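> Quick one: sequence plus predicted model below, questions after.
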Amino acid sequence: MQIRQLPETLINQIAAGEVIERPAAAVKELVENAIDAGASKIEVVIREGGASLIAVSDDGIGMSVEELPLAVERHATSKLPDNDLVNIASLGFRGEALPSIGAVSRLTITSRPRKDVAADAASITVDGGKKSKISPAAHAPGTKVEIRDLFYATPARLKFLKSPRTEAQNIRDVIERLAMAYPDISFKLVHDEKSVLDLPSAPRLERLQQIMGRDFAENALQINAERDGIKLTGYAALPTLNRGTNQYQYFFVNGRPVRDKLMVGAVRGAYMDFLAYDRHPMLCLFLDIPAGLVDVNVHPAKAEVRFQDSALVRGLLVGGLKHAIAEAGHRASTSVAGQTLQAFQTPISQQHLPLNSGPWNGEYRHSPPSYGATRGVADSGGYYAASNLALDTRPDPFAPGARAYVQETPLQDNDVFPLGAACAQLHETYIVAQTADGLVLVDQHAAHERLVYEKMKQAMADGGIARQSLLMPEIVELDEPSVERLLSRKNELEELGLSIESFGPGAVAVQEVPSLLGITDIRLLVRDLADDIVTYGQTVSLKEKLEEVCSTMACHGSVRAGRRLTPEEMNALLRQMEKTPHSGQCNHGRPTYVELKLHDIEKLFGRK
Ligand SMILES: Nc1ncnc2c1ncn2[C@@H]1O[C@H](COP(=O)(O)OP(=O)(O)O)[C@@H](O)[C@H]1O
Ligand SMILES: [Mg+2]
């Protein structure tokens, strides 16, 4: 055996193995080149998922006849003018993409330089690594790069191509990610003659709406934070707009789409208080960081970065997101109302079918009957009359436990209160409030749980939770292990506002309870806390589990589900929600209230 230098084509094929993993990777390289060339329009045409053709056209600066052969040379680039790997201002910098692609496919580049009006277009071909001579061509200023038969020269890689649909989906994903970072550029994708993406240039939020949907655009908070020269911008969803996977989280560092564990972790940290562990907010974040503080040269596809000061970056993300979520106050996402309306719509039209003794004819929709008789349900008693219209299989509204509390005169100034004036309590669980332009339905238990949690957090931050001492200590009997567990956490419980003392075997005496709980069933509370401590184990501090402890405490507080509330109590709860940050969702990302606009309710009844 002899050590020898590998032929250039083989070197390029090896490089292609890293850089061009699949058609989408080739598209990424070509589109990045077009972006680096200052294009304002980029069009991608693919056939058979990119396996037979990938063509990327741009209206950027183009290349001259002299530059064309250099572009396909290995390690030839126009992008590191000062040989400075620190201050990289472009997406590309390695000069590897075009020669790698040329080594494994039939590559044709046609280009015409923008700055030289007199210059003609020219083209060059690289077929399985063999370069052709330059030939004259016809083309507008800009560049078109065509890849035919990708991986034909490396059959091993060819075998790993997935179905055209899957490859096309990956390509679309790559283009969408770049399009998010460059909203000024218009992007198109055509697959097998069909238009798949058509994104005209737009302001950033509009571009995000084109890709992530209206729901996101309507329920996203604008993020704007800066620390030590590092800027964080973008949009993040209200916690109530969450998903079961984190694939709708998009991160960019200096305009480069990245997948970064640190950033994903920071998001989790920022939303921890508002979302269950398996729920993920949708978001799109852009980090602009001075070139010297980040290394982008750590991954062949440049999809990973390394931060010099990762704690700083994490702090910026967590802080920026938390701040935005706090600013949103009690706002919950409108998508919740949308889902509610949808849920109303389907069953209601079905319910009417048997009454009409014939197929739904739609007339009702166009000429609604007079609503006079059933309007103003609260003061005319029409609520009951209206529900008696329904089939008698409905629950009896007069049955015990189904009573609705009805408020005679709602507050007058509901314009000044976003959550409106309480009108009724339903099923001893839901508060109905009238707002200036709609109605609000509040889950009193979820809302109260959140309020207690926020208050406890605030109180802890301010140096302690106010305690209320009991006139007579309450003796709670428990099994001995539970007593042991509770006593071992005595100091921590004290900090949370609950003082307990040993009271012989199998019992504790409760002397003080957190005053913000109001009237509480102390026995149940203490038993549940003992159970909680078992679940957390010995090592976790109760403060770390504050959210759960608060949930347990709030559960036993005064506003549990299934308790009658007076009008004053209901209104007090609404006013507190308005004042309390994060009160739009419970501790698990579920909404605490739903708002329906009059406008939508009218549509529901065919009045609009
Ligand atoms: N669409 C394009 N428009 C203008 N010039 C281009 C385009 N694509 C490639 N080039 C030129 O070819 C060079 C090599 O491209 P590439 O192999 O992707 O490496 P890199 O992008 O890392 O420089 C680029 O530096 C650039 O000068
Ligand atoms: Mg490149």
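Done, it's in. Numbers count the residues shown, from 1 in each chain. Ligands and ions are numbered 1, 2, ... in the order given.
> what sits against whatever residue of the stretch 1-150 of the chain ends up closest to ligand 2?
For the stretch 1-150 of the chain, the residue positioned closest to ligand 2 under CB to the ion is residue 92, at a distance of 2.9 Å. To be clear about C-beta, it is placed using only N, CA and C from the backbone, and glycine gets the same treatment. When contacts are counted by CB atoms under 8 Å, 6 or more residues apart in numbering, residue 92 is found next to 29, 32, 33, 36, 77, 79.
> Can you select the buried ones among those residues for me in ChimeraX?
Entered in ChimeraX, the line below selects the buried ones among the contacts of residue 92, by 16 or more other CB atoms under 10 Å:
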select :29,32,33,36,77
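> Could you list which of the contacts of residue 92 also contact ligand 2?
Residues shared between the contacts of residue 92 and the neighbourhood of ligand 2 are residue 33 [CB under 5 Å from the ion].
> from the contacts of residue 92, which ones fall inside strands?
Counting by DSSP state E, no part of those is found in strands.
> Any chance of the contacts of residue 92 in JSON lines with pLDDT as columns?
Shown next, in JSON lines, are the contacts of residue 92 (pLDDT from 0 to 100):
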{"residue": "29", "pLDDT": "96"}
{"residue": "32", "pLDDT": "97"}
{"residue": "33", "pLDDT": "97"}
{"residue": "36", "pLDDT": "97"}
{"residue": "77", "pLDDT": "89"}
{"residue": "79", "pLDDT": "87"}
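> What's the separation between the single nearest residue of the chain relative to ligand 1 and residue 235?
In the chain, the residue found nearest to ligand 1 is residue 92; the distance is 2.3 Å by CB to the nearest ligand atom. Counting by CB to CB, to the nearest Å, the gap from residue 92 to residue 235 is 27 Å.
> now swap in residue 15 and tell me
37 Å.
> Then residue 485?
Between residue 485 and residue 235 the distance, using CB to CB, works out to 45 Å.
> The chain against ligand 2: which residues are in contact?
Counting by CB under 5 Å from the ion, the residues of the chain close to ligand 2 are 33, 92, 97.
> Repeat the analysis, applying 8 Å as the threshold.
Residues of the chain that fall close to ligand 2, judged by CB under 8 Å from the ion: 29-30, 32-33, 36, 77, 79, 91-98.
> number of nearby residues for the closest residue to ligand 2 within the stretch 451-600 of the chain?
Ranked by CB to the ion, the top residue of the stretch 451-600 of the chain for proximity to ligand 2 is residue 589, at 40.7 Å. Applying the criterion other CB atoms under 10 Å, we find 20 residues in the vicinity of residue 589.
> Isn't it up against residue 240?
Yes - using CB atoms under 8 Å, residue 589 and residue 240 qualify as a contacting pair, with a distance of 6.4 Å.
> Could you point out the longest strand of the chain?
The strand spanning the most residues in the chain, taking DSSP E as the definition, is strand 467-477.
> which one is residue 115 nearest to, not counting chain neighbours?
Spatial nearest neighbour of residue 115, excluding adjacent residues (CB to CB, 6 or more residues apart in numbering): residue 61 at 6.9 Å.
> Can you name the residues that contact that neighbour?
With contact taken as CB under 8 Å, 6+ apart, residue 61 is in contact with 37, 38, 113, 114, 115.
> Dump those into TSV; add neighbour count, pLDDT and secondary structure as well.
Compiled in TSV, those are given as follows (neighbours: other CB atoms under 10 Å; pLDDT from 0 to 100; DSSP: H, G, I helix; E, B strand; the rest coil):
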residue	neighbour count	pLDDT	secondary structure
37	21	97	coil
38	14	97	coil
113	22	97	coil
114	18	94	coil
115	9	92	coil
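> Nearest to residue 152, out of those: which one, please.
Taking CB to CB as the measure, residue 37 is the one of the contacts of residue 61 closest to residue 152, at 27.1 Å.
> quick one: that closest one and residue 533, what's the gap?
When distances are taken as CB to CB, residue 37 and residue 533 turn out to be 62 Å apart.
> likewise residue 220?
On the measure of CB to CB, residue 220 and residue 533 end up 39 Å apart.
> name the element the closest residue to residue 133 other than its chain neighbours belongs to?
Sequence neighbours aside, residue 124 is the residue nearest to residue 133 in space, at 7.9 Å (criterion: CB to CB, 6+ apart). With the criterion set as DSSP states H and E, the secondary-structure element containing residue 124 is strand 121-127.
> quick one: that strand near ligand 1?
No - interface with ligand 1: strand 121-127 contributes nothing (CB under 6 Å from any ligand atom), its closest point being 11.0 Å away.
> so what secondary structure elements neighbour the longest strand of the chain?
Using 3 or more CB pairs under 8 Å, 6 or more residues apart in numbering; DSSP states H and E as the contact definition, the elements that strand 467-477 packs against are strand 499-502, strand 507-514, helix 522-536.
> What is the neighbour count of residue 277?
Applying the criterion other CB under 10 Å, we find 8 residues in the vicinity of residue 277.
> and it, helix, strand or coil?
Per DSSP: H, G, I helix; E, B strand; the rest coil, the local secondary structure of residue 277 is coil.
> just to revisit the earlier point, please identify the deepest-packed of the helices and strands packed on strand 467-477.
The highest mean neighbour count among the helices and strands packed on strand 467-477, using mean count of other CB atoms under 10 Å, belongs to strand 507-514: a mean of 20.
> Just want the angle from that strand to helix 522-536.
Orientation note: strand 507-514 sits at an angle of 100 degrees relative to helix 522-536 (axes from the mean of the first three to the mean of the last three CA atoms, to 10 degrees).
> distance between strand 507-514 and the chain's centre?
Distance of strand 507-514 from the chain centroid (CA atoms, centre = their mean, to the nearest Å) equals 42 Å.
> Equivalent analysis for stretch 129-148, please.
42 Å.
> Buried residues, it. List them.
By neighbour count, with 16+ other CB under 10 Å as the criterion, the buried positions of stretch 129-148 are 129, 137, 139, 141, 142, 143, 144, 145, 146, 147, 148.
> Dump the residues you listed to JSON lines, plus secondary structure, distance to residue 293 and pLDDT.
Rendered in JSON lines, the data for these read as follows (DSSP: H, G, I helix; E, B strand; the rest coil; distance: CB to CB, whole Å; pLDDT from 0 to 100):
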{"residue": "129", "secondary structure": "coil", "distance to residue 293": "39", "pLDDT": "92"}
{"residue": "137", "secondary structure": "strand", "distance to residue 293": "43", "pLDDT": "95"}
{"residue": "139", "secondary structure": "coil", "distance to residue 293": "40", "pLDDT": "95"}
{"residue": "141", "secondary structure": "coil", "distance to residue 293": "37", "pLDDT": "96"}
{"residue": "142", "secondary structure": "strand", "distance to residue 293": "34", "pLDDT": "97"}
{"residue": "143", "secondary structure": "strand", "distance to residue 293": "33", "pLDDT": "98"}
{"residue": "144", "secondary structure": "strand", "distance to residue 293": "37", "pLDDT": "98"}
{"residue": "145", "secondary structure": "strand", "distance to residue 293": "33", "pLDDT": "98"}
{"residue": "146", "secondary structure": "strand", "distance to residue 293": "38", "pLDDT": "98"}
{"residue": "147", "secondary structure": "strand", "distance to residue 293": "35", "pLDDT": "98"}
{"residue": "148", "secondary structure": "strand", "distance to residue 293": "41", "pLDDT": "98"}
